[in-house]
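# sharing a model prediction with you, sequence too.
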Amino acid sequence: MSKVCFEESTVELQSRESLLDGLLRSGHDIPFGCRAGVCHSCLVSLEDGQVPADAQKGLTAGQVSLGHVLSCQCFPNEPIKVRRLDTAGESVHGRVVSKTWLNEQVIQLKLDAALDYVPGQYVTLWKDDHLARSYSLASEPNQDEFLEFHIKVIEEGSFSQWVANTLEIGAELAIQGPLGKCIYTAQPEQPLLLSAVGTGLAPILGILKDALMKGHVGPIHVVIASKEMSGFYLMDELTQLSVEHGNLSVSFVSMGVGELEPSSIHLFHDDIYQFVQKKFSDLKGFRVFLCGAESFVKKMRKQCFLAGAGMGDISADVFLPFTTS
Amino acid sequence: MSVYEKIGGEAAVNAAVDIFYRKVLSDDRISEFFDTVDMETQHAKQKAFLTMAFGGPNNYSGKDMREAHKHMSLNEGHFNAVAECLVGTLNELSVPQEHIDEIVGIAVSVKDDVLNK
C-alpha cells in the first residue's frame, strides 16, 4: 500500500491498485484510454519520490527526464507526489531586469527569478490575477543569469501591450510553471534539425544553447523562417554562434523582399517547406525540433515525418493564439 | 504463444508504427481522415491499434471501436486501404506470411465495428 500526494489531496492506494485506478476511485478526473500503457492518455507528472521503471516504459527520454509517469502502469513502492500533466505548480516572483526591442515587433524581456526549468519549456507570466499569457524560455540556466522571453507585441494584445508600454524595469510579476516537453534529448552524434517561425526562435534558442552546452557533436542545422524579412531577429548572434561552433549552421528563409548585410548571414529567398524538403530530403536518424505557430508546426511535422524522421524523434512547441472563448 | 509474442512483442510494434503511419498518411484514399488530428495523439492510437492487431495486450472493446469510428462514414474501400498499409508494413519488416495472415484475421475481426455495421 502506497501513499500518494495528488495536488492538494492524499490518496491511499489499495493492494495491486494502479495509480490511475486509485485516483479515479478517489473521485479525481484523470483522462485515460487503453489502460495498457500504450495510449499515453493518463500521464501524470511526478513531483517527488521514485516510481518503478515500468511506469515510464515506452515514454521518450524527454518525458522520462521531466518525470512523466503512465498512471495506469504505476504501482509505486514508496510514497510519491504527483500532479496532473499540463497543470503548472506554484508560482515564483520575477523581477524585470531588461526590456529590449529585437526588431519592430519583438521585445526581449529578461527576468530575475529562482525558477528550475529545462531550456525549451514555457511558463505563464501573470500581470495580475486576471491577465496572463504563456511564453517560451529562450535562456539556458547554466550560462544565462536571467530568464529570457521573446514577446511579440500585438496591436490588440492586452498582455504584450502592457509589457511594451507599462511594465517597468524593477517591477515584479508572477511566473507559473515551467511546462512543456520540447527539450533537448539526443544522441551526441545524432544530426539535429531545429526549425522555427517567428518567436518560435525563443525555445529553439534555448534548445540550441542546451545542445551546445551538453557538447553535442553531430551536425546542428538551425532553420529560421519569417514571412517578412523584417521578422527576423538575433541574426548576428546566431551567425556568430555558428562561427564559434563548426558543427552548427544557421539559415534564414523568407519569401519577403529585401537585402541584408552583412553577407555572412545565410539568407535564402524561398518557401520554408520547399527549402527544408530540398535541403533535408532524408531525415532518417535526425532529431527534429519545431517551434512556432500551429499551422507551421503541423505542416512541418508531417513533412519531416514523411521524410523519414521517427515520430519519437520529433519534438514540437506549438504557439496557440490566446482566445477568450 | 500469441502472434504478438512470436514477432517480438512491443519491439515489433515500435518498429512497425512509424512505417505504418507513414503509409496511412501517404495513402490518398484515407489520408484526409488524418489531416485534422494531432499527430502525436494519432501516433499513440496507431500504436494501440497495431498492438491489438498483433494480438498483444489491450483493453479495446468492439464498442470502443464502433464509438471511435462511427462519425466518419467509412466504407469497405477505407478499411481495405488500412489493411493494405498494414500488410505492406509487415512485408517491409519481413514478417512471415503465416503471421501476417493471423494479424489480418484479427484486423478483419473488428471490421464490422469500424464500419458501424
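That came through, no problem.

# and the stretch 51-200 of chain A, which residues reach chain B?
Residues of the stretch 51-200 of chain A lying near chain B by Cβ under 8 Å from any Cβ of the partner chain: A:G58. C-beta here means a position set from N, CA and C on the backbone, and glycine is covered the same way.

# A:Q161: neighbour count?
When neighbours are defined as other Cβ atoms under 10 Å in any protein chain shown, A:Q161 has 14 of them.

# identify the residues contacting it.
Contact analysis of A:Q161 by Cβ atoms under 8 Å, 6 or more residues apart in numbering or on different chains lists A:V153, A:I154, A:E155.

# neighbour-wise, which of the residues you listed leads?
Ranking the contacts of A:Q161 using other Cβ under 10 Å puts A:V153 first, with 17 neighbours.

# what's the distance between that residue and chain B?
If you measure A:V153 against chain B using Cβ to the nearest Cβ, to the nearest Å, the figure is 29 Å.

# that residue and A:N103 touch, don't they?
No. A:V153 is beyond contact range of A:N103, at 10.2 Å (criterion: Cβ atoms under 8 Å).

# list the buried residues of stretch A:307-325.
Buried residues in stretch A:307-325, counted by 16 or more other Cβ atoms under 10 Å in any protein chain shown: A:307-319.

# could you do stretch B:12-19 as well?
B:A12, B:V13, B:A15, B:A16, B:V17, B:D18.

# closest one of these to A:D54?
Taking Cβ to Cβ as the measure, A:D54 lies nearest B:V13 of these, at 16.3 Å.

# enumerate every residue touching that closest one.
Counted by Cβ under 8 Å, 6+ apart, B:V13 has contacts B:K47, B:L50, B:T51, B:F54, B:G56.

# could you pull up phi and psi at the fourth one?
Dihedral angles phi and psi of B:F54 (degrees, to the nearest 10) take the values phi -80, psi 0.

# so is the nearest residue to it once chain neighbours are set aside in a helix, a strand, or just coil?
Ranked by Cβ to Cβ, 6 or more residues apart in numbering or on different chains and with sequence neighbours excluded, the top spatial neighbour of B:F54 is B:Y4, at 4.2 Å. Classification of B:Y4 using DSSP: H, G, I helix; E, B strand; the rest coil returns helix.

# contacting residues for the closest residue to A:Y122 other than its chain neighbours?
In space, and not counting its chain neighbours, A:Y122 is closest to A:S136: 4.4 Å by Cβ to Cβ, 6+ apart. Contact analysis of A:S136 by Cβ under 8 Å, 6+ apart lists A:120-122, A:149-150, A:180, A:199-200, A:202-203, A:206, A:291, A:317, A:319.

# next, A:S136: phi, psi?
With angles defined as degrees, to the nearest 10, A:S136 sits at phi -80, psi 150.

# next: the one 3 residues further on.
The phi and psi torsions at A:S139 (degrees, to the nearest 10) take the values phi -100, psi 170.

# identify the residues contacting it.
A:P119, A:F146, A:L147, A:E148, A:G206, A:K209.

# how close does it sit to A:G231?
Going from A:S139 to A:G231 by Cβ to Cβ, to the nearest Å gives 21 Å.

# isn't A:G215 up against A:P188?
Yes. Between A:G215 and A:P188 there is a contact under Cβ under 8 Å: 6.5 Å.

# the more surrounded of the two?
Set side by side, A:G215 and A:P188 show more neighbours around A:P188, with 10 against 7, by other Cβ under 10 Å.

# now do the contacts for residue 19.
Chain wasn't specified; assuming chain A. A:V4, A:L13, A:V44, A:A55, A:V69, A:S71, A:C72, A:C74, A:F75, A:P76, A:I80, A:V82.

# I was after chain B.
So B:I19 contacts B:T89, B:E92, B:L93 (Cβ under 8 Å, 6+ apart).
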